[in-house]
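Novice: compute the structure for the input listed below.
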Amino acid sequence: MDEPSRHRHPGLDLVNDTLLTRESWKIFQIMAEFVEGFERLAQIKPSVSIFGSARTGPDHPYYKLAEEIAHALSDAGFSVVSGGGPGIMEAANKGAHAGPSPSIGLNIMLPHEQSGNPYQDIALNFRHFFSRKVMFVKYASAYVVLPGGFGTLDELAEILTLVQTGKTRRIPIILVHRPFWDGLIDWFKKTLIEEGTIDAEDMDLFKVLDNPRDVVDAIFDHYDKRGFEPSPREQEILLEL
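Specialist: Numbering: from 1, shown residues only. Predicted structure coming up:
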């Protein structure tokens, strides 16, 4: 018997086997999240995913701006998808709920902060960020990103990377409220482009707008000559997402 095997505690094998079994069964939980998401969201098209801080209160101008944008999108025929929580996510669901189109919340189970808002026509619950993030992208005709923290930046970086690398179709990515985003955009230009980590053309992947009507118009302008339905090539890309 080799040295490591001779000195290994017999209970360690049992613990490792138990952990392996739990991890193996976790695959089925992950599969269930994807299956439910695909089945329930496939009919919401066209839709727009809206992001922003969970910490923004109902009296804040950002909350009211998100509510106005979501209501305008709902009136224009777009389902609105948010993270399902409080803050700007709640504002997005509230604005959509007041309009004629579905309001969808992709809720994430967190130890702190996240709790579902009451303005969701369709509410899905996720344990895993990665499966939830796929749902935000897969059926989205556009991304609208309001001021937020790390989670919002994560979603923004995700969609920019997917579009930049061709792993999803080109969709409008709209940052709302220029004063909030100007510092980040300057950093993109003065650091990322100058260091060669992105191309200057990558700045064309997104727009910065301030007015709810301009957000809606920018989305329609993008699809003016092609329609909202993915092309056969785009459908193949989305299958590999």
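Novice: how about the strands of this protein, start to end?
Specialist: 47-51, 79-82, 103-108, 122-126, 140-145, 173-176, 207-209 (DSSP state E).
Novice: neighbouring strands of the fourth one in the sheet, and parallel or not?
Specialist: Neighbouring strands of strand 122-126 in its sheet, by DSSP bridges, are strand 103-108 (parallel).
Novice: equivalent analysis for the last one, please.
Specialist: Partner strands and pairing direction for strand 207-209 (DSSP bridges) are strand 173-176 (parallel).
Novice: do the same with the first one
Specialist: On the basis of DSSP bridges, the sheet neighbours of strand 47-51 come out as strand 79-82 (parallel), strand 140-145 (parallel).
Novice: how close does the spatially most central residue of the chain get to Phe129?
Specialist: Compute the mean C-alpha point of the chain, and by C-alpha atoms, centre = their mean the closest residue is Phe136, 4.0 Å away. From Phe136 over to Phe129 the distance is 10 Å, taken as C-beta to C-beta, to the nearest Å. Placement of C-beta: from N, CA and C, glycine included.
Novice: what's the spacing between the residue nearest to the centre of the chain and Lys189?
Specialist: Distance, Phe136 to Lys189, using C-beta to C-beta: 27 Å.
Novice: equivalent analysis for Phe38, please.
Specialist: Distance, Phe38 to Lys189, by C-beta to C-beta: 38 Å.
Novice: for the longest helix seen in the chain, packing partners?
Specialist: Counting by DSSP state H, the longest helix found in the chain is helix 10-41. Applying 3 or more C-beta pairs under 8 Å, 6 or more residues apart in numbering; DSSP states H and E, one finds that helix 10-41 contacts strand 122-126, helix 129-138.
Novice: in the last one, which residues are buried?
Specialist: If you call a residue buried by 16 or more other C-beta atoms under 10 Å, then helix 129-138 has these buried ones: 131-138.
Novice: need the contact partners of it.
Specialist: 30, 33-34, 37-38, 41, 49, 81, 83, 106, 108, 124, 126, 143, 155, 158-159, 162, 168, 238, 241 (C-beta atoms under 8 Å, 6 or more residues apart in numbering).
Novice: what's the ChimeraX syntax to select whichever of these are buried?
Specialist: Only the buried entries of these go into this ChimeraX selection, using 16+ other C-beta under 10 Å:
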select :33,34,37,41,49,81,83,106,108,124,126,143,155,158,159,162,168,238
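Novice: so, low pLDDT: which residues of this protein?
Specialist: 1-17, 112-114 (pLDDT under 70).
Novice: what about 80?
Specialist: Across the chain, the ranges flagged by pLDDT under 80 are 1-24, 110-115.
Novice: residues contacting Asn107?
Specialist: Applying C-beta under 8 Å, 6+ apart, we find Asn107 in contact with 83-85, 114, 116, 123-126.
Novice: pipe the strands of the chain into CSV and attach distance to Phe228 per row.
Specialist: Output for these, formatted as CSV (distance: least, C-beta to C-beta, whole Å):
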stretch, distance to Phe228
strand 47-51, 9
strand 79-82, 11
strand 103-108, 16
strand 122-126, 19
strand 140-145, 5
strand 173-176, 16
strand 207-209, 18
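Novice: specify the beta-bridge partners of Ser47.
Specialist: Per DSSP bridges, the residues bridged to Ser47 are Ser79, Ala140.
Novice: I figured it hits Ser82, correct?
Specialist: No - using C-beta atoms under 8 Å, Ser47 is not in contact with Ser82; the gap is 10.7 Å.
Novice: anything in contact with each of the two?
Specialist: Ile104.
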